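# fold the stuff below for me.
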Amino acid sequence: MAQIDTEEALRKIITPPNPLINAKLLDRLEPQAIEFISRSPFLLLATQRSDGSLEVSPKGDAPGFVVVENDRSLLIPDRVGNNMAIGLINLLANPQIGLLFLMPATGETLRVSGRATIHDDADICAKLATRNKPAKLFLRIAIQRVFFHCARSVLRANLWKPETWSSPQKVSVGKIVRDQVNARQNIQQDIAKRIDDYAEESYKIENLY
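Take a look at the predicted model:
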């Protein structure tokens, strides 16, 4: 099997799209996109590290947590997290950003790309408050491209069909950290439990903001 390393070779397999499809690529939000964002409780946010590698992080809150400032600008609040700030640090080096908005029970997703700046304006952070707690920071996204992605991938995944879901996976970050610190066995177990207990406590609704 040969490696495909040119667009010409790629297009021999994936033929160019119907010219009409390109008409959906916009440089601003149209009414359907604005409504979608106002109803979306979850997005994936992609940034690029200074070495060129990529990171994707999830962002979620009540529907409408991302504010449409105007048809070329979005505001995304930053909430309490693990303080690694990987995406924020990436944006300081490279402001290019990619967003993928999802809406439960809807097959289409909304793709937005642009440039992000980081702000701590107290008035706007207060307007982006949830449960009476203002945002710690916020991103202002200057939109460069936006379009709806078709529903095929969501339909193939049966993403919104609970009857097809597997049982939840219990993730223990504590075990990962325990194995990396390479401590004595009795201390390792204590580290794992303490970290997992802390995570469970942080997931309570009163500690999410």
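
# pull the longest helix from the chain.
Ranked by residue count, the top helix of the chain under DSSP state H comes out as helix 185-202.

# other SSEs contacting that one?
Under the contact criterion of 3 or more CB pairs under 8 Å, 6 or more residues apart in numbering; DSSP states H and E, helix 185-202 touches helix 173-181. Quick note: C-beta positions are derived from backbone N, CA and C, even for glycine.

# before we move on, the earlier item: which other residues reach the longest helix of the chain?
With contact meaning CB atoms under 8 Å, 6 or more residues apart in numbering, helix 185-202 is reached by 172-175, 177-179, 181, 183, 207-208.

# retrieve the pLDDT associated with the spatially most central residue of the chain.
Geometric centre of the chain, nearest residue: L44, 1.8 Å, by CA atoms, centre = their mean. Predicted confidence (pLDDT) for L44: 98.

# and what of Q185?
So Q185 comes in at 54 (pLDDT).

# now swap in W160 and tell me
Reported pLDDT at W160 in the predicted model: 97.

# just list the residues touching it, thanks.
Counting by CB under 8 Å, 6+ apart, the residues that W160 touches are 104-107, 154.

# again, only using 6 Å
A105 (CB atoms under 6 Å, 6 or more residues apart in numbering).

# any idea how far the longest strand belonging to the chain is from the middle of the chain?
Longest strand in the chain, counting residues (DSSP state E): strand 137-149. Strand 137-149 sits 12 Å away from the centroid of its parent chain (CA atoms, centre = their mean, to the nearest Å).

# same for that strand, what does it pack against?
strand 73-78, strand 109-119 (3 or more CB pairs under 6 Å, 6 or more residues apart in numbering; DSSP states H and E).

# after the first one, next one along is what?
Spelled out, that is strand 73-78. helix 86-93 (DSSP states H and E).

# isn't the residue nearest to the centre of the chain up against F101?
No: under the criterion of CB atoms under 6 Å, L44 makes no contact with F101, lying 8.4 Å away.
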